[in-house]
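Trainee: sequence? don't have it. structure:
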Ligand code: XMP
């Protein structure tokens, strides 16, 4: 693999994704890893990420020159670039010229390999206080900027290179090409990490792990569990059984999507448990958001455990498939060793004491790779490009008690909003658009010749990278107007549509 050493930048995962876009497999490792540990992974190259420290600060994370002496190709970015320079005898100084944001980079000399034939002056994203003022002995300077006397250097003999700017961000339009040239041309790595190879590798791994055993997979209707299940199905065929719990809090069409579209695409064994009544009984009279979430989680586990017992009576289901993704693995500290299940990774929060061995075929993948794998496996677009939907479903989008009537009302309003957003081609522009029913609020309206006294629904369109922060999406007025007109005309009990214009923070995406 290519190892991306994380010096505390929020960019390390992004760098790893960019490397994979160049069809080279990459992993993120903490900067505390010793040289021996890094070399033990037999790295094809090492990329030193940016970070908040200054090379000269007491206790600042360092780079061991032994890495370069071992002959591993090394690429430095921002802080990593300065580390590389100073470790190899170059000079890093606080020149007083800081650069933050969009900056003009000038290509010098013939541009070397990295900057060859790029526009002589082009924009790149910078974020630095210190600068490299002298490149290491033997390295050629191929880029400079007003604030960075050395903005890029390379030594193709020793296979080391780096840039002061951030090639991994979209604001550096030639950044991806520069990274690609380092990987393919300076480090000499063959691009082999393709969707087809991912599928092939994972299928072989699953087959080896499960042997002639049986596996069970909880489907949530979301992308991750669907792709994980499809991969396992490819590996072990009908020794996989999927369990889908219909808790009655699903949106219009979701059960069909799983029962018909997913099964048609994969031929998987599917057990649907109709637990609608059970959830409705458990939620009767409950209005507190946290209590709703707890009840839904608890009932989900009970239903799943029952399904598991029923299945185990038929055969030995020793494996449980989970759709854990690589960012979760990195964030929970690792990659190595046994998996540490965080409650939000589990479909509906399955308890840890379920006696299963975990199969996690997406543990190495980023979300965009998961989607491509899904398409490669023949899953329909409606599943692969589905927007996030919370496990507790519509239950936390009815503010007030959850009842079957209110669910029907919200389901109709939500279906209209989704239809119109799709028709307007907005699906890829928004992260998701919860529709929320304010079931305990009423307002006066007029429709036809009569007075109405109905409920409002809230549209909550948001744009986000990762759901940790979000902004409200500026939807075109015509789209908002169509959604509003249709909902108030077509959904009985709803006489007002309002728009949530709060970012996150301070608001969360969901209302409960
Ligand atoms: P909030 O409301 O915290 O939501 O801003 C962030 C993202 O997480 C989704 N969400 C959930 N997903 N189980 C899930 O699987 C949950 O209990 C849950 N609660 C919120 C939400 O839709 C948004 O994408």
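Mentor: Happy to help now that I have it. Treat the numbers as computed from the prediction; the structure is a model and nothing was measured.

Trainee: with adjacent residues omitted, what lies nearest to residue 2?
Mentor: Sequence neighbours aside, residue 26 is the residue nearest to residue 2 in space, at 4.2 Å (criterion: CB to CB, 6 or more residues apart in numbering). Quick note: C-beta positions are derived from backbone N, CA and C, even for glycine.

Trainee: who in the stretch 401-512 of the chain is up against the ligand?
Mentor: When proximity is defined as CB under 6 Å from any ligand atom, the stretch 401-512 of the chain approaches the ligand at 432, 467, 504, 508, 509, 510.

Trainee: what would those look like in a markdown table with secondary structure, neighbour count and distance to residue 183?
Mentor: What follows is those, written out as a markdown table (DSSP: H, G, I helix; E, B strand; the rest coil; neighbours: other CB atoms under 10 Å; distance: CB to CB, whole Å):
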| residue | secondary structure | neighbour count | distance to residue 183 |
| --- | --- | --- | --- |
| 432 | strand | 22 | 34 |
| 467 | coil | 14 | 30 |
| 504 | strand | 16 | 36 |
| 508 | coil | 13 | 39 |
| 509 | coil | 20 | 36 |
| 510 | coil | 16 | 40 |
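
Trainee: SS state for the residue of the stretch 151-300 of the chain found nearest the ligand?
Mentor: Closest to the ligand within the stretch 151-300 of the chain is residue 293: 6.2 Å, counting by CB to the nearest ligand atom. Following DSSP: H, G, I helix; E, B strand; the rest coil, the label given to residue 293 is helix.

Trainee: that one reaches residue 402, doesn't it?
Mentor: No: Residue 293 lies out of contact with residue 402 (CB atoms under 8 Å); the separation is 11.7 Å.

Trainee: mind listing the helices for the stretch 251-400 of the chain?
Mentor: 254-256, 263-266, 276-283, 289-314, 326-331, 367-376, 381-384 (DSSP state H, counting those that start in this stretch).

Trainee: next one: the stretch 401-512 of the chain
Mentor: Using DSSP H, counting those that start in this stretch, helices in the stretch 401-512 of the chain cover 404-423, 477-490.

Trainee: same for the longest one, what does it pack against?
Mentor: Pointing back at helix 404-423 there. Applying 3 or more CB pairs under 8 Å, 6 or more residues apart in numbering; DSSP states H and E, we find helix 404-423 packed against strand 398-399, strand 435-438, strand 450-459, helix 477-490.

Trainee: TSV please, covering those and showing mean neighbour count, distance to residue 423 and mean pLDDT.
Mentor: Compiled in TSV, the helices and strands packed on helix 404-423 are given as follows (neighbours: other CB atoms under 10 Å; distance: least, CB to CB, whole Å; pLDDT from 0 to 100):
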stretch	mean neighbour count	distance to residue 423	mean pLDDT
strand 398-399	22	26	98
strand 435-438	23	16	98
strand 450-459	18	15	97
helix 477-490	16	8	98
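
Trainee: compare these and give me the one nearest residue 155.
Mentor: Among the helices and strands packed on helix 404-423, helix 477-490 comes nearest to residue 155, with 53.8 Å by CB to CB.

Trainee: between that closest one and strand 450-459, how big is the angle?
Mentor: 130 degrees (axes from the mean of the first three to the mean of the last three CA atoms, to 10 degrees).

Trainee: give me the angle between helix 477-490 and helix 404-423.
Mentor: 150 degrees.

Trainee: hmm, the helix or strand bottoming out on mean pLDDT in the chain touching the ligand?
Mentor: The weakest-scoring helix or strand in the chain, judged by mean pLDDT, DSSP states H and E, is helix 326-331 (a mean of 80). No: residues of helix 326-331 contacting the ligand under CB under 6 Å from any ligand atom: none, with a closest distance of 12.1 Å.

Trainee: can you pull up the most central residue in the chain?
Mentor: residue 367 (4.4 Å; CA atoms, centre = their mean).

Trainee: show me where the stretch 101-250 of the chain has helices.
Mentor: Residue ranges of the helices in the stretch 101-250 of the chain, as given by DSSP H, counting those that start in this stretch, are 175-180, 195-210, 223-236.

Trainee: point out where the stretch 301-450 of the chain drops to low pLDDT.
Mentor: Per-residue confidence for the stretch 301-450 of the chain (pLDDT under 70) gives these ranges: 332-352.

Trainee: interface residues of this structure facing the ligand?
Mentor: Residues of the chain lying near the ligand by CB under 6 Å from any ligand atom: 388, 390, 391, 392, 432, 467, 504, 508, 509, 510.

Trainee: looking at the helices and strands packed on helix 404-423, which is closest to residue 147?
Mentor: That would be, of the helices and strands packed on helix 404-423 and by CB to CB, helix 477-490, which comes in at 42.7 Å.

Trainee: that older thread, could I get the helices of the stretch 401-512 of the chain as CSV with distance to residue 249?
Mentor: As requested, these are exported to CSV (distance: least, CB to CB, whole Å):
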stretch, distance to residue 249
helix 404-423, 7
helix 477-490, 20
